[in-house]
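Undergrad: The following block contains a protein sequence and its predicted model.
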Amino acid sequence: MRLGRSGLLLAALAGCGARSGLDCFGEACRALGAGGSSSDEDGVGNAGTGGRLDPTRPVDVEPPDDRPPTRVPPRDDPDELDTPPDFKPPTSSSLCAGTDTYRGSVRITNAADLATLEGCRTIIGDLSIVTFAAENLEPLRSLEVVRGDLAINGFSGLLEGLNSLESVNNLILESIDTPTLSPLGRLTDIGSQIGGGELYISATPNLRNLNGLGSVTGAVRITLQHNSALDSLAGLEFPPVLERLTLLDNPNLQNVATLGIVEIDTLEIEQTGITSLRGLGTLREVGTLALVNDPLLASIAELFLLERVRVWYIQELPLSTLPVLPKLSSATQILIQNNQSLADIDSLASIGFISELDVIGNPSLLRLPSFPNLTTLQEVHIRENQSLTVGPDFPNATRAEFISIIENPALTSLLGFRTIESVRAVDISKNPLLTEVDFTALLSARTVRINCNVALPDTSLEPLRDVDGQLNFTGNLGSDQPCVE
């Protein structure tokens, strides 16, 4: 995931990136090579007999095993399938001639390849349809089950032909021209065979909604990205518990009213046209919540049931204030960055637990609140907030790991760390109007760096000179040493 223009944080969420066709394995290569004489002296071909069976040698014939496999071999483990990874199907006949099942993975790149799947009802492996043009997928009209990934990438036709499809492990649709998913109307299962699958739809420029997926269950990872015409999530019923939902670069998507999620590991909403989080009023717990670069999202008050979040990005939104979220008790890390209109974040004071607070590049932010509930801080980073005059207050905190207050040009007062007794590292630098700092309780630190604050009297730092740790005080008012960056 791309989080903002500053480059401070790289994507940790889940982004999915471009997905292309899948490697193909299977048993077909061995089957294709069985027509000629064998050089295996122990095989039924019997070298030296012209391929005829030796009537004096018994032949063991095992009864067919109709049971479904217990698992699908991973795509990167060709030894568990009988065909090499570059296998392409024969063009002369159906892979399912005489049966309705093909065991192996198949890569389709043209209409002749596609015709070899006519009559197949089940593929026990991956099916990849890659970069070719056709009106539709009609040769797949019998296909009901793919016990692997169904990946369609770069196909310019319609999805007609998938009308019988009922079950896949993962469904990947990328760079296709179809305006509708309605041919998938019989699809009910994505991933139940593997404990939950993935629905990935990317770069489908004509797709406006998800109609056709209304019966789908089992998908726990859902990615909808780079779909320029998508304006509604209607057509897909989202489960209340998900591993990941990514809504990325869908500029015409205006709402998430159909979500109804209660718990999710990663929720990313970035570069959309969303104006409201209505539909997330059911959300109670989230691992990573990324609200990034949504230029019309002026309020997040709909998150009123949110109780816990581990990592929360509030970045490049048109918010003027953060609303009080009455049930929010824990936020391990909060990053508030590059929000041009944000004037206060006072509502964060009511949160009972915050381990890391990063407030960076918010030009309208005037003040930071007091956090009376916090006694231990992991990290506090306050940087490049052009209008910020007063720093945060932690009146009951006694321990911290990292504190950095850097390049806040209007900051005058920093008295909120007066109860801190131990810290790993402090860096207070390049705050040109800063006149007062209070670390009077500090006893030990690995490093304390207070540099280049040209209005901060060097004499006010005398109490810190007894701290047990490496001290670096230069370039402050009255210092006998110049600024060392």
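TA: Now that the structure is in, tell me what you want to look at.
Undergrad: For residue 213, which non-adjacent residue is closest in space?
TA: residue 236 (4.5 Å; CB to CB, 6 or more residues apart in numbering). All C-beta spots, glycine's among them, are computed from the backbone N, C-alpha and C.
Undergrad: so how far is residue 202 from the one you found?
TA: Distance, residue 236 to residue 202, by CB to CB, to the nearest Å: 15 Å.
Undergrad: Over to residue 170?
TA: 13 Å.
Undergrad: Nearest residue to residue 316 in space, ignoring adjacent ones along the chain?
TA: With CB to CB, 6+ apart, the residue lying closest to residue 316 is residue 293, at 4.1 Å.
Undergrad: From what I see, that neighbour and residue 314 are in contact.
TA: No. Look at residue 293 against residue 314 with CB atoms under 8 Å: they stay out of range, at 11.1 Å.
Undergrad: ok, back up a step: and the residue nearest to residue 316, how many neighbours?
TA: The criterion is other CB atoms under 10 Å. On that basis, residue 293 has 20 neighbouring residues.
Undergrad: Please name the residues that touch it.
TA: Residues near residue 293 by CB atoms under 8 Å, 6 or more residues apart in numbering: 4, 270-271, 315-317.
Undergrad: quick one: which of those sit in strands?
TA: Using DSSP state E, the members of the contacts of residue 293 that fall within strands are 270-271, 315.
Undergrad: residues near residue 482, how many?
TA: The tally of other residues near residue 482 (other CB under 10 Å) stands at 9.
Undergrad: now residue 264
TA: 25.
Undergrad: and if you look at residue 227?
TA: For residue 227, the count of nearby residues is 23 (other CB under 10 Å).
Undergrad: Quick check: the gap between residue 426 and residue 256.
TA: 41 Å.
Undergrad: Residue 240 too?
TA: Taking CB to CB as the measure, residue 240 falls 14 Å from residue 256.
Undergrad: between the two, who's got more neighbours?
TA: Per other CB under 10 Å, whichever of residue 240 and residue 256 has more neighbours is residue 256, with 23 against 13.
Undergrad: circling back to that earlier point, next, the residue nearest to residue 316: phi, psi?
TA: phi 50, psi 50 (degrees, to the nearest 10).
Undergrad: Show the pLDDT at it.
TA: pLDDT for residue 293: 98.
Undergrad: So which residues of the stretch 201-350 of the chain form strands?
TA: Counting by DSSP state E, counting those that start in this stretch, the stretch 201-350 of the chain has strands at residues 219-225, 241-250, 263-272, 285-292, 308-315, 330-337.
Undergrad: will you turn these into JSON lines that also has distance to residue 194?
TA: Converted to JSON lines, these look like this (distance: least, CB to CB, whole Å):
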{"stretch": "strand 219-225", "distance to residue 194": "10"}
{"stretch": "strand 241-250", "distance to residue 194": "12"}
{"stretch": "strand 263-272", "distance to residue 194": "17"}
{"stretch": "strand 285-292", "distance to residue 194": "21"}
{"stretch": "strand 308-315", "distance to residue 194": "26"}
{"stretch": "strand 330-337", "distance to residue 194": "30"}
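Undergrad: Spit out the contact partners of the spatially closest residue to residue 377 that is not a sequence neighbour.
TA: Using CB to CB, 6+ apart and skipping the chain neighbours, the partner closest in space to residue 377 is residue 400 (4.1 Å). Counting by CB under 8 Å, 6+ apart, residue 400 touches 376-380, 417, 420, 422-424.
Undergrad: and residue 400, what pLDDT?
TA: 96.
Undergrad: Am I right that it is in a strand?
TA: Yes. Assignment of residue 400 by DSSP: H, G, I helix; E, B strand; the rest coil places it within a strand.
Undergrad: So what pairs up with it in the strands?
TA: residue 377, residue 423 (DSSP bridges).
Undergrad: what about residue 399, neighbour count?
TA: By other CB under 10 Å, the burial measure for residue 399, its neighbour count, is 14.
Undergrad: Contacts only, for it.
TA: 375-377, 420-423.
Undergrad: Now a PyMOL select for only the buried ones of those residues.
TA: Command for PyMOL that selects the buried part of these, burial taken from 16 or more other CB atoms under 10 Å:
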select buried, resi 377+420+422+423
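Undergrad: Which of the contacts of residue 399 sits closest to residue 226?
TA: residue 377 (38.9 Å; CB to CB).
Undergrad: check contacts around the closest one.
TA: 355-357, 394, 397, 399-401, 403.
Undergrad: If you go by neighbour count, which of those residues are buried?
TA: Buried members of the contacts of residue 377, scored by 16+ other CB under 10 Å, are 355-357, 394, 397, 400-401, 403.
Undergrad: now residue 185: how far from residue 120?
TA: Applying CB to CB to residue 185 and residue 120 gives a distance of 20 Å.
Undergrad: Neighbour count for the two, which is higher?
TA: residue 120 (24 against 15).
Undergrad: what's the nearest residue to the more buried one if we skip its chain neighbours?
TA: residue 96 (4.0 Å).
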